[in-house]
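[1] Kindly generate the corresponding structure for this input.
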Amino acid sequence: MSDLPRRAVTRSAKLASLPLGFAGRTALGVGKRTFGRSAEAVAMEIQQRTAEQLFTVLGELKGGAMKLGQMLSIFEAALPPEIAGPYRATLTRLQEAAPPLPATVVHRVLAEGLGEDWRDRFTSFEDEPSAAASIGQVHRAVWADGREVAVKIQYPGAGKALISDFNQLARLARLFAVLMPGLDVKSVLAELKERVAEELDYTVEAASQTAFREGFPPGDPDFVIPEVIAQSGDVLVTEWIDGTPLSKIISSGDQDERDHAALLYCRFLLSGPKRAGLLHGDPHPGNFRIMADGRLGVLDFGAVDRIPEDFQHRMGRLLRIGTMADIDEIEDALRNEDFIREGVEIDAEALQSFLAPITEPFVTDSFTFSREWLRDMAARVTDLRPTNVVRQLNLPPEYVIVHRVLSAGTGVLCQLECEIPARAESLRWVPGFAEDEPAG
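    Down below sits the predicted model:
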C-alpha cells in the first residue's frame, strides 16, 4: 500500500468484500457441516475468519472504517460470551495498531508540514510507527533540544476517505449486526461524522491539548498531559510519554490495577469540563497509559467538546434528577432538555427501565462494572421494536458527544471489570450533581 486508498470505487470494493467474504465463509461452513463437523465448530471458525478479515480491511482503509472498528472494539463488552470470543482479540488490536504507511509517504507528509529540512528539527526519527489510529499514525523521535517526542502524521487523503467510509458503512449495518446485535450502527456513524472536521484539523487538536494541559498542569497528582511542541499542516509534535496501555490492564491486569486505572479513567472524563472546560470525546483504551508513578497519561485530543459552565450545571442536574425515584420529575427534566420533544407521550415504567443502566452507577456508594452487567443492561435498552421507549427519545445536538463518552466510557469500565465510587467522583467533579450546589 503506497498511500491511504482514496478512490471511492477502490474503497467501496474493499468494504463490499466484508459481506461477500462473510457470505462465502457461511456457505463453506454449510459444506463442512455436511461432511460431519459440528455446527458449533464451524460457526466458531467462521466468526474467527470474519474477525480477521474485518481487522485487515478496516485497518488498511483506516479513515472512518477503522474508527468504526475502534468503536466496536469498545462495545464488544456487551456481546454474549459465545459471540465475543473470536472478535475480542482482533477488534481490540484496532485500539493500538494498524498496517503502517511506508516511510516514503511519511517523509512526504513531514516535508509538506515542517519543510524540506524537516530532519534538522530532529536528532533522530523512527520510520516505523509506534502506534496507528483512525486518521493518523505516531512515530517516536528525538527533538533537536533532546526531548523525546511523539510525531503524529495524518494519512494523506484522510478527509475524503472519512466521508466516503461513513457513506459506505451506513449501507453495511446488517453485517455489523453480526458483531453487535441491536446496535444502531447508522446512528453511531452519523454521530462520528459530525466530528470529522475538527479531528482532521491538527491546529484545533493542538489548541485542545494545550487547554487540557493548562487544566491538568505538570505535577498533577493524578494525570499527565503531554506538552504540544510543534504543529504545522498535517503534523503534530508532542512530548513523548511512556506507560502501560490501558488495553494491557484490561487484558492482564490484576484487580488492584484494574480498580486503580478505572478510578483515574472515570475521574479524568468527569473532571475535564470543570477543570479545563473541555470533554475528552474519544475514550477508547488506546488513548490512555498508566505511568510508572501510577498516574494516568492521556493521549489524542482530536475529538474534544467545549462544555460551557452553564451547560455543565444543566448536565449535572439532569444526571442527579435521573437518579431519583420520582419519574414525573425525571420526565419534566428530560422534556426541559429536549430529550422528549413536545407532543411525545412516554410510558413512565418503560422510561425508568431505560434510565436504569445509565444512572445505576451513580446511585450507590460503590459500583461494580462488569461485562455481565453491561450485557444485561444492553439487552434492556437496545430492543428496536416500535414499542421501545428508546425510539421515542431525542438526542439533542449538545448531548451527542456527551452520550458518546458516557456510553463508550461505561463500556471501557466494564472491560476493566472494576469496582469504583462513581457517585463520589460525580459529586466531586460534576457541577449541579450535588443537590445543594448553586447553579453557575
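[2] any idea which helix or strand carries Glu226?
    Quick fix: residue 226 is Pro, not Glu. Following DSSP states H and E, there is no helix or strand that holds Pro226.
[3] out of everything not next to it in sequence, what's closest to it?
    Leaving out its chain neighbours, the residue that sits closest to Pro226 by C-beta to C-beta, 6 or more residues apart in numbering is Glu239, at 3.9 Å. All C-beta spots, glycine's among them, are computed from the backbone N, C-alpha and C.
[4] Quickly list what that neighbour is bridged to.
    Val149 (DSSP bridges).
[5] avg pLDDT for the helix or strand Val105 falls within?
    Counting by DSSP H and E, the element that carries Val105 is helix 103-114. For helix 103-114, the mean per-residue pLDDT is 94.
[6] where does the chain have low pLDDT?
    Low-confidence segments of the chain (pLDDT under 70): 1-99, 133-134, 159-196, 357, 379-388, 390-391, 435-440.
[7] how about the strands of it, start to end?
    For the chain, applying DSSP state E gives strands covering 122-125, 131-132, 136-143, 148-154, 223-224, 228-232, 235-239, 244-245, 278-280, 288-290, 296-298, 304-306, 367-368, 419-420.
[8] follow-up on the earlier one: for the residue nearest to Pro226, which residues are in contact?
    By C-beta atoms under 8 Å, 6 or more residues apart in numbering, Glu239 lies in contact with Arg147, Glu148, Val149, Ala150, Pro226, Glu227, Val228, Ile229.
[9] For PyMOL, write the selection for the buried entries among those residues.
    Of the contacts of Glu239, the buried ones go into a single PyMOL selection, burial set by 16 or more other C-beta atoms under 10 Å:
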select buried, resi 149+150+226+228+229
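[10] Next, give me the two most distant ones among the contacts of Glu239.
    The span of the contacts of Glu239, defined through C-beta to C-beta, is set by Glu148 and Val228 at 14.5 Å.
[11] Verify the stated contact: Ser426 with Ile420.
    No - using C-beta atoms under 8 Å, Ser426 makes no contact with Ile420, being 11.1 Å away.
[12] out of these two, which sits in the busier spot?
    Neighbour count, other C-beta atoms under 10 Å: between Ser426 and Ile420, Ile420 has more, with 24 against 19.
[13] Can you name the residues that contact that one?
    Asp259, Ala262, Leu263, Cys266, Ser366, Phe367, Phe369, Leu413.
[14] who wins for most neighbours among those?
    Most surrounded of the contacts of Ile420: other C-beta under 10 Å gives Leu413, at 29 neighbours.
[15] one step back: now, the contacts of Ile420 that are in helices?
    Counting by DSSP state H, those place Asp259, Ala262, Leu263, Cys266, Leu413 in helices.
[16] Could I get those in JSON lines, plus columns for distance to Leu296?
    Compiled in JSON lines, the ones in helices among the contacts of Ile420 are given as follows (distance: C-beta to C-beta, whole Å):
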{"residue": "Asp259", "distance to Leu296": "13"}
{"residue": "Ala262", "distance to Leu296": "10"}
{"residue": "Leu263", "distance to Leu296": "9"}
{"residue": "Cys266", "distance to Leu296": "10"}
{"residue": "Leu413", "distance to Leu296": "14"}
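[17] Which one of these is nearest to Gly316?
    Nearest to Gly316, judged by C-beta to C-beta, of the ones in helices among the contacts of Ile420 is Cys266 at 15.2 Å.
[18] ok, so what distance separates that closest one from Pro100?
    When C-beta to C-beta, to the nearest Å is the yardstick, Cys266 and Pro100 sit 33 Å from each other.
[19] Isn't Phe122 up against Trp143?
    Yes - contact criterion C-beta under 8 Å: Phe122 and Trp143 qualify, at 6.3 Å.
[20] count of residues packed around Gly157?
    Residues near Gly157, counting by other C-beta under 10 Å: 17.
[21] go on, Ile401?
    Neighbour count of Ile401, defined by other C-beta under 10 Å: 21.
[22] Same question for the one 10 residues further on.
    One way to gauge burial is a neighbour count; for Gly411, by other C-beta under 10 Å, it gives 24.
[23] was I right about it contacting Leu374?
    Yes - using C-beta under 8 Å, Gly411 is in contact with Leu374, at 6.7 Å.
[24] Now do the shared contacts for Phe122 and Trp143.
    By C-beta under 8 Å, 6+ apart, the residues touching both Phe122 and Trp143 are Val149.
[25] which residues touch Cys266?
    Per C-beta under 8 Å, 6+ apart, neighbours of Cys266: Gly409, Leu413, Ile420, Ala422, Glu425.
[26] Tally up the residues packed near the first one, please.
    Under the neighbour criterion other C-beta under 10 Å, Gly409 is assigned a count of 20.
[27] mind checking how far it is from Phe354?
    For Gly409, the distance to Phe354 - C-beta to C-beta - is 18 Å.
[28] hang on, the earlier thing: which neighbouring elements make contact with the helix holding Val105?
    Using 3 or more C-beta pairs under 8 Å, 6 or more residues apart in numbering; DSSP states H and E, the elements in contact with helix 103-114 are strand 148-154, strand 228-232, strand 235-239.
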